[in-house]
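S.K.: the following comprises the amino acid sequence and a computationally predicted model.
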Amino acid sequence: MTIGEAVQIRIYELCFERNITVNKLGYISGVTQSTLNNIVSGRNKSATVSTIKKLCDGLEITIIDFFQADIFAVLEQEVR
């Protein structure tokens, strides 16, 4: 699994846990709908740390909370 795929899955997990839509997450975090749609659809494979921080702020979690999920422990090596 790549980092982009893991971020995509993590966003869906967090939205599900809070019973909100991805659209609602964009609204409460101030991330444009097009940016968020590109991330969760896989068109944007490298979300910036700044964007992830905004999403965390909207979710009222820390960036550490975001990346502490088990899904990030099984990432494939990006550089070969």
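M.R.: Looks like it came in fine.
S.K.: what is the neighbour count of Q33?
M.R.: By other CB atoms under 10 Å, the residues close to Q33 number 12. Where C-beta positions appear, they are placed from N, C-alpha and C, glycine not excepted.
S.K.: how about the helix ranked longest in the chain, which residues are buried there?
M.R.: Scanning the chain for the helix with the most residues, using DSSP state H, yields helix 3-18. The neighbour-count check on helix 3-18 (16 or more other CB atoms under 10 Å) flags G4, A6, V7, Q8, R10, I11, L14, C15 as buried.
S.K.: pLDDT of it, averaged?
M.R.: Per-region confidence: helix 3-18 scores 95 on mean pLDDT.
S.K.: what sits up against that helix?
M.R.: Residues from elsewhere that reach helix 3-18 (CB atoms under 8 Å, 6 or more residues apart in numbering): 21-22, 24-25, 36, 39-42, 44-47, 52, 55, 59, 61, 66, 69, 71-72, 75, 78.
S.K.: which strands and helices lie in contact with the very next helix or strand once past it?
M.R.: Where DSSP states H and E defines the elements, the next helix or strand beyond helix 3-18 is helix 22-29. Secondary-structure packing of helix 22-29 (3 or more CB pairs under 8 Å, 6 or more residues apart in numbering; DSSP states H and E): helix 3-18, helix 33-41, helix 49-59.
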